[in-house]
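Trainee: need a structure here:
(2 chains)
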Protein chains: 2
Amino acid sequence: MVSRVLAAEVPAHVGERITIAGWLHRRRELKLLTFVVIRDRTGLAQVLLPAGTAVPAEETVIGVEGLVVTNDQAPGGAELTEADLTVLSGPACPPPFDLYRPTVTATLPTILDHAPTTLRHPLLRAGFEVAAASAAGFRAAMMEAGCTEIFTPKIVASATEGGANVFRLDYFGRPAYLAQSPQFYKQAMVGVFERVFEVGPAFRAEPHDTGRHLAEYASLDAELGFITDHFDVMPFCRDAIAGMTSMVRERAGLAMQALGATLPIVPAEIPHVHFADAMALISAATGEDLSAEDDLAPAHERWLCEWAAREHGSDLLFVIGYPLTAKPFYTHPDPQRPRYSHGFDLLFRGTEIVTGGQRLHRYDDYLAALAARGMDPAPFESYLQVFRHGMPPHGGFAIGLERWTALLTGAANVRQVTMFPRDLHRLSP
Amino acid sequence: MVSRVLAAEVPAHVGERITIAGWLHRRRELKLLTFVVIRDRTGLAQVLLPAGTAVPAEETVIGVEGLVVTNDQAPGGAELTEADLTVLSGPACPPPFDLYRPTVTATLPTILDHAPTTLRHPLLRAGFEVAAASAAGFRAAMMEAGCTEIFTPKIVASATEGGANVFRLDYFGRPAYLAQSPQFYKQAMVGVFERVFEVGPAFRAEPHDTGRHLAEYASLDAELGFITDHFDVMPFCRDAIAGMTSMVRERAGLAMQALGATLPIVPAEIPHVHFADAMALISAATGEDLSAEDDLAPAHERWLCEWAAREHGSDLLFVIGYPLTAKPFYTHPDPQRPRYSHGFDLLFRGTEIVTGGQRLHRYDDYLAALAARGMDPAPFESYLQVFRHGMPPHGGFAIGLERWTALLTGAANVRQVTMFPRDLHRLSP
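Mentor: Got it, this is the predicted structure:
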C-alpha cells in the first residue's frame, strides 16, 4: 500500500514527520503563504507551504510528506509544514463545480451527469454513508430476528406486480422481465427458512417523473411465517426501522451532522390508524369527499403525518387496512371487513416508505383472488405451486432504501441519494 | 404470532405442556404407535401418537400441543406425547420427492423445477445457509478493512466486460444492457470512498452449459485505492476469504456438518505463482507444449491446486501475472514484463473462484489500451471521464458466491446451491 497516515490521525502525530495521501481538495494561494487541503476517506488535512510553491490542480491525487505542528485553525488542530508534494496521479481536469465549497453549488442534472466526480463532494458523499449504514442496520435487525438472507433472481418469467411498468428483455431468444420485487421468491423461501430477508435491486419501468420514483432502486425486503395477521408483521417492520436508525447513529453520525439531519425517535410501538378512519379524519378536517378513494394521495399522507406528530408525537405512522382494490392480488383480505385488506403502509415525514401486509397462503384463495380480478393464473403457475405444499400464514414488507435515505437526510429528490440513478430520461453514467 | 416453542428448544421443556408448529416432516405409522416429526426453522421435533391417529399428509403446516418427555431416540433427547394436532394450513400435496429421507433422491432437474418445495430438504437448505453466512462474512471483512458499501445500477448503457455475453433490454424505447459486473462503478466509487464493496447480482448471457456457469449470479465485489500494485490487493482478497470462512464456521457449522463438508485453512499469506512459472511447471510435469496459451484450462487449474496442496499445504493458490491478452482492457500491465498483467486469479479446490488485479488509473493509459485492442472508446465515455479527475492507483476483485459455495460444500453443480438458477435453458421458477 501507499504508506501513509490518514487525515483523521494527523493530530496524533504532532512533532513527527509523516506522509499523507489523498485528493488535493483545495489550494489557497495567499501573498505570504500557500495552503493546501488534502482529502482522504477519513476527512481533511491542512498543509502549509511557502508562497509561490507550485501546487497541482484540485482533485489531483498527491502524497505530502511533512512535519506535523499544532494549529488551532486547521482541521483537527494540526497541520503539516516543511512539506514535499508528490503527484501520485495527475494532472486532473477541473471538476464540474468546486468540490471544496461547503455547499453544493451545482444543479442536480450537473451533479448526476458527472456523478463519478461530483459525488466526491463531502455533502453528497454523506448521503451514501447514511444509505450504507441503513442497509447494514436493516440486515443486522433482520438477522437478530432470526431471518436468513436470500438471493433471488432478478430475471424472471412473468411480471410480479402486474404487467404495466415492467422492463422486458431478450433472454436467449425468449421474452423475460426484470423483477419488480422479490415478492414471489421471498414468499416461497418462507417455506424453507420461515423468516427471510433480501437486499437487492428492484426494477420498475416507472413512467412518473417525480422526486420520489426511480426505475431501479435498492429494495430492503423481509417476509416471515407463522403470523396471526398483519399485526405480527408491523412490530417486525418497526424493528427494521429501529435497527436502521440506530446503525445510522452509530456509523454515519458525522454524515448526518454534516447534512444537518436528525434521526426520528422510533417508538416501541409505532402508532397505527385504519385506512377508513384515516379517510374520515381527513374528510372531517378538510371537508373533502373521500368516499370513493381506495388509496392515499400524497397530500393525505402529509396530512396524516402531521396528525400523527400532533396526536401521537410520532414521526412514523402505520396506515392499515387499505382497500383490497388498491393492493396486489396476493394481499390477504380482512375477514371481518372483506372490502379492506391486511395490507399496511408506513408513513414517515409525509411519505410512504414501507409497503407490507399479510399475504394469502392457501392455493384456492390465490385462484379465487386472481379470478376476482379477471387475471389469468397461467403466468403465475410456478409461483402458485408452492401454496399447494403447505405454507403457513405469512406476511412481510419492503422498504425503498433511496426514499428512506432521502427522507432521513432531508434530500428533496431521491436522486440526490442515489449513486447513479435510473429514470425515464437517465441511463448513464 | 402463532404462539409456540421452537423445535430446538423442546428438550428444555421436559415435564411441561407446550405447543410447537411447523411442517409435518414425516409420519411413521407402526402397529402400536404413530410417530410424527415436525420441522421448523430450528430443526426437528418428534411427536408420539396413539396408533390409528388420523395424521395429515407430509408438508402440511400443523401445530402440536403436547407434554414433553425424555426419549433418547428422539431428536434432542425429548419428544411430545399426549398430543393434539391442529392443521394450520392444508391439505398439502405430496412433494415431488420424499423430503424426510436423509439423502436427496431426486435428480437435479426435478429439484430445480420444483425448487420452492424441494429446497425445504434439510440438505438443500444447508447449502443456502452456507451461502448466506459467506455473504455476511464477506461484508464483515470488508467493513473491517474500511470499505463502504455501495449500490450500483444493474441497468447500464454499455457492456462492461465486452459485447458478447450481455443481455439486452428495452429501456423506455432505448437499448440498454444488464450489468455484467459493477466494475466501472466500483472503480468510480474508489474516487469517493477509497475502499468500497458491493454484494449484488451480475448477469452474463452465458452460452456455456456447464456445472459452474450461471446467467445470473451473486457477485461479491471489492475495490481499493492507494495501492502500489496487485500485491496490495491480494492480502485484502485473502482477508475476504478468511472472513467468509470464519462466518461459515460461526453461523453455518451445523449445515457444513450435515453436508459432510470441511472448511479450508486460510493461511496468513496465500501462496502465489506467476502464470509463466505455472505454465512451465505444468509443461515440465505433463510434457504439454503450453507456449501459445494465454489462460489456464480447467485441467491446468486442477493440476495447480494439487501442486499447491503438495508444495505449500494450501487449498488456495493465487495465480498472478496472466497475459494481458487474457484480461479485460482495464487491467494494468506489468511494467517490467509488458506481455503480462497485474491481474490475478485465486484457485480453490481445483477451480478459479476470484478474479482480480490492479486496474489502469490514468486516462491516457485507458485510451491507449482501448486503441491497442481496436476497441471504440465512445461507449465507455462516461466511465473514462472519472480518470481525468484524479484517480489513485487501485485494484480489486470479485468472488462468485454460488461457485464459492459449491466448492465449499462439495456440490458438483453450482445450481445445487443457487435458489432459483438462471441458465441457457432455465428461466423459472
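
Trainee: may I see the buried residues of the lowest-mean-pLDDT helix or strand in chain A?
Mentor: Of all helical and strand segments in chain A, the minimum by mean pLDDT, DSSP states H and E falls on helix A:381-384, at a mean of 87. Burial within helix A:381-384, assessed by neighbour count using 16 or more other C-beta atoms under 10 Å in any protein chain shown, is assigned to A:382-384. Yep, even glycine has a C-beta here, placed from its N, CA and C like the rest.

Trainee: near chain B, which residues of the stretch 201-350 of chain A are found?
Mentor: Listed as neighbours of chain B in the stretch 201-350 of chain A under the rule C-beta under 8 Å from any C-beta of the partner chain: A:201, A:203, A:205, A:215-216, A:218, A:226-228, A:232.

Trainee: how about these in TSV, adding neighbour count and pLDDT?
Mentor: Conversion of these to TSV gives the following (neighbours: other C-beta atoms under 10 Å in any protein chain shown; pLDDT from 0 to 100):
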residue	neighbour count	pLDDT
A:Pro201	22	98
A:Phe203	25	97
A:Ala205	19	94
A:Ala215	25	96
A:Glu216	23	98
A:Ala218	23	98
A:Phe226	23	97
A:Ile227	24	97
A:Thr228	13	96
A:Asp232	17	98
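
Trainee: in helices, which of these appear?
Mentor: Judged by DSSP state H, the subset of those located in helices is empty.

Trainee: how close does A:Asp221 get to A:Tyr171?
Mentor: Taken as C-beta to C-beta, to the nearest Å, the spacing of A:Asp221 relative to A:Tyr171 amounts to 23 Å.

Trainee: what's the answer for A:Pro102, then?
Mentor: Using C-beta to C-beta, A:Pro102 is found at 49 Å from A:Tyr171.

Trainee: with neighbour numbers in mind, choose between the two.
Mentor: Looking at A:Pro102 and A:Tyr171 with other C-beta atoms under 10 Å in any protein chain shown, you find the greater number of neighbours at A:Tyr171, namely 20 against 9.

Trainee: run a quick neighbour tally on the spatially closest residue to the more buried one that is not a sequence neighbour.
Mentor: Spatial nearest neighbour of A:Tyr171, excluding adjacent residues (C-beta to C-beta, 6 or more residues apart in numbering or on different chains): B:Leu427 at 5.8 Å. Burial of B:Leu427, expressed as a neighbour count using other C-beta under 10 Å, amounts to 22.

Trainee: assign a three-state SS to B:Leu427, would you?
Mentor: Secondary structure state of B:Leu427, per DSSP: H, G, I helix; E, B strand; the rest coil, is coil.

Trainee: mind checking pLDDT for it?
Mentor: Per-residue pLDDT puts B:Leu427 at 94.

Trainee: show me what contacts it?
Mentor: The contact partners of B:Leu427, by C-beta atoms under 8 Å, 6 or more residues apart in numbering or on different chains, come to A:155-157, A:171, A:174, A:176.

Trainee: tell me the buried residues in the helix or strand where A:Arg125 lies?
Mentor: With elements taken from DSSP states H and E, the one containing A:Arg125 is helix A:122-144. By neighbour count, and taking 16+ other C-beta under 10 Å as the criterion, the buried residues in helix A:122-144 are A:122-143.

Trainee: could you do stretch A:290-310 as well?
Mentor: Across stretch A:290-310, burial judged by 16+ other C-beta under 10 Å covers A:290, A:293, A:296, A:300-301, A:303-305, A:307-308.

Trainee: do the same with stretch A:209-226
Mentor: Of the residues in stretch A:209-226, those scored as buried under the neighbour-count criterion (16+ other C-beta under 10 Å) are A:212-226.

Trainee: quick check: which ranges of chain A have low pLDDT?
Mentor: Low-confidence segments of chain A, defined by pLDDT under 70, span residues A:160-163.

Trainee: do a quick rundown of the helices in it.
Mentor: Listed in chain order, the helices found in chain A under DSSP H are A:108-113, A:115-118, A:122-144, A:183-193, A:233-251, A:253-258, A:275-286, A:298-312, A:363-372, A:381-384, A:401-409.
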